[in-house]
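J.: A structural model of the following input is requested.
(one chain, ligands or ions: 1)
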Amino acid sequence: MKDRRLLMIPGPIEFEPAVMQAMGAPTTSHIAPNFIEAFGQAIERMREVFLCPDGQPFIVAGSGTLAMDLAGANLIEPGDKALVINTGYFGDRYGNLLARYGAEVTHLRAPIGDRPSLGAVETALAGGGFKLMTVTHVDTSTGVITDVEGLAKLARAHGALCVVDGVCSVAGETLRMTDWGVDLALTASQKAVGTPPGLALVVAGPRAMDAFKARKTPVANYYADWANWLPIMEAYEARSVSYFGTPAVNLVAALNVSLGIILDEGMDSRFARHQLVSKACKAAIKALGLGQVPVSDAVAATTMTAPRFPEGVTKGDLLPRVKAAGVVLAGGLHPEIKSEYFRIGHMGSVSQGDLLAVVGAIETGLAACDYPFDTGAGVAAAMEVFAS
Ligand SMILES: *Cc1c(COP(=O)(O)O)cnc(C)c1O
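T.: Next comes the predicted model:
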């Protein structure tokens, strides 16, 4: 029998059957007409999902970290100044990555669970000379969301490129690249985009492409160099072929199916569904008496929830019991608070039924840990949000 456990972590997520069917289809040549069409269509659909009609998509085999690397390798030259808006683990990673390419990196941090204020960012930018600013839209280690619209506006006003790590956000959180002035957004296939792990996805806006074209030094990463990948993306979009590295044929076909499903739902409906499910999840967690890592609702993501363990309950107590009740959740990731919280991913095709199953399994687990609460309080709170 199929392993029926529901996978509700911040990636990989549950995938649509039609996406898995494309994964399992016989692998064709990368120059087969069907594949050329699927790749070309996926490139076109990326612009619609990222809401960036004049952007240049890149679809490259690798994980989300390669997507971060594509931006860093192609936009940073030695000596460039970069500002990292740091809301957790993935901000640290971005700073380390940019430094590898010779950037002079400044981190702007907030206490764990919070985010730097727009005023603090403005002061940092005014201090000057930043070529690029990175923003983690949702830091998966804290569940904190940043105000990308406000931050992108500040970056633009101070002449810095705004690069958004949207690995836990694109196709889940509201993100409007062009309207908000975001210069590059990136994600990975296995999160809200809904395709198995293995694809790095980037859309670079016109200012990012101009900065790449104006480079004085060669890109220090051979595999990531856009000079190698741009002709490939342009060729497939024109429904012809060019070769640099063998594309991940089945993954690209599956991505195209998933992007089609996303666009059929419509971006605004998709954003609204994520908001509703998130609201229900957070209401349930509160009703059960658990705290959360984000310091307020205003800074909490809608693609995931990061509840704190109640006093006397550990990860080893709770998560195996939740799993026995049919739902797989993730432990903590931020090194400083790793043992204090757990993570629920609710992105992609997540439904109201999925969320009720999650809350029910958490209640079952908490009861087995002898944590005192009103049975059904979490499920009731979630149902109330869905009914409203
Ligand atoms: C998951 C994640 C990454 C890294 O993606 P991988 O596919 O694991 O390399 C980067 N940034 C954020 C915000 C993430 O959630």
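
J.: what residues are up against Lys81?
T.: Applying Cβ atoms under 8 Å, 6 or more residues apart in numbering to Lys81 gives the contacts 103-104, 106, 129-132. Glycine gets a C-beta too; all of them are placed from N, C-alpha and C.

J.: does it have beta-bridge partners, and which?
T.: Glu104, Phe130 (DSSP bridges).

J.: and the gap between it and Tyr371?
T.: 49 Å (Cβ to Cβ, to the nearest Å).

J.: in the chain, what residue comes closest to the ligand?
T.: The nearest approach of the chain to the ligand comes at Gly64, 2.5 Å away (Cβ to the nearest ligand atom).

J.: could you count how many residues lie near that residue?
T.: Neighbours of Gly64 under the rule other Cβ atoms under 10 Å: 25.

J.: kindly report the same for the one 10 residues further on.
T.: Per other Cβ under 10 Å, the neighbour tally for Asn74 reads 27.

J.: got it, and the one 5 residues further on?
T.: Neighbourhood size, Gly79 [other Cβ under 10 Å]: 10.

J.: now do the contacts for the nearest residue to it once chain neighbours are set aside.
T.: Nearest non-adjacent residue to Gly79, counting by Cβ to Cβ, 6 or more residues apart in numbering: Gly102, 6.2 Å away. Counting by Cβ under 8 Å, 6+ apart, Gly102 makes contact with 76-80, 220.

J.: kindly recompute the last result at 7 Å.
T.: Gly102 sits next to 76-79 when contact means Cβ atoms under 7 Å, 6 or more residues apart in numbering.

J.: which stretches of this protein form strands?
T.: 6-7, 56-61, 81-86, 104-109, 130-136, 138-139, 144-145, 161-165, 184-188, 199-204, 304-305, 327-328, 330-331, 342-345 (DSSP state E).

J.: and stretch 320-337, average pLDDT?
T.: For stretch 320-337, mean pLDDT rounds to 97.

J.: cool, stretch 79-99 as well?
T.: On average, stretch 79-99 scores 98.

J.: hmm, that stretch in reach of the ligand?
T.: Yes: applying Cβ under 6 Å from any ligand atom, one finds stretch 79-99 touching the ligand at Phe90.

J.: hmm, back to that, make a PyMOL selection of the buried ones in the contacts of Gly102.
T.: Selection of the buried residues among the contacts of Gly102 in PyMOL, burial being defined by 16 or more other Cβ atoms under 10 Å:
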select buried, resi 76+77
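
J.: closest to Gln275 out of the contacts of Gly102?
T.: The shortest gap between Gln275 and any of the contacts of Gly102 belongs to Ile76, at 34.4 Å (Cβ to Cβ).

J.: wait, Met195 sits on Leu255?
T.: Just so we're on the same page, residue 195 is Thr rather than Met. Yes: between Thr195 and Leu255 there is a contact under Cβ atoms under 7 Å: 4.6 Å.

J.: is it correct that Arg200 is in contact with Gly64?
T.: Let me fix one detail, which is that residue 200 is Ala and not Arg. Yes: in this structure Ala200 lies within contact range of Gly64 using Cβ under 7 Å: 6.5 Å.

J.: any idea how far apart the tips of stretch 299-310 sit?
T.: Start-to-end span of stretch 299-310 (Cα to Cα, to the nearest Å) is 21 Å.

J.: then stretch 109-118 to PDB, C-alphas only?
T.: Extracted in PDB, the C-alpha atoms of stretch 109-118 (Å, rounded to 0.1, in the frame of the first residue of the first chain):
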ATOM      1  CA  ARG A 109      20.100  41.400  11.300                       C
ATOM      2  CA  ALA A 110      17.200  41.500  13.700                       C
ATOM      3  CA  PRO A 111      16.700  39.400  16.900                       C
ATOM      4  CA  ILE A 112      15.600  35.800  16.000                       C
ATOM      5  CA  GLY A 113      11.900  35.800  15.000                       C
ATOM      6  CA  ASP A 114      11.900  39.500  13.900                       C
ATOM      7  CA  ARG A 115      13.100  41.400  10.800                       C
ATOM      8  CA  PRO A 116      15.100  44.700  10.400                       C
ATOM      9  CA  SER A 117      12.800  47.700  10.100                       C
ATOM     10  CA  LEU A 118      12.500  49.600   6.800                       C
END
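
J.: tell me how far that stretch lies from the chain's centre.
T.: 19 Å (Cα atoms, centre = their mean, to the nearest Å).

J.: near the ligand at all, it?
T.: No: contact between stretch 109-118 and the ligand is absent, the nearest approach being 13.5 Å (criterion: Cβ under 6 Å from any ligand atom).

J.: same question for that stretch: list its buried residues.
T.: In stretch 109-118, counting by 16+ other Cβ under 10 Å, buried: 109-110, 112-116.

J.: what do you get for stretch 151-169?
T.: 151-156, 158, 160-169.

J.: list the ones among those that fall in helices.
T.: Counting by DSSP state H, the part of these found in helices is 151-156.

J.: before we move on, the earlier item: ok, the residue of the chain closest to the ligand - contacts?
T.: 167, 187-188, 200 are the contacts of Gly64 under Cβ under 7 Å, 6+ apart.

J.: can I get those residues in TSV with pLDDT?
T.: TSV is the format used below for the contacts of Gly64 (pLDDT from 0 to 100):
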residue	pLDDT
Val167	97
Thr187	98
Ala188	98
Ala200	98
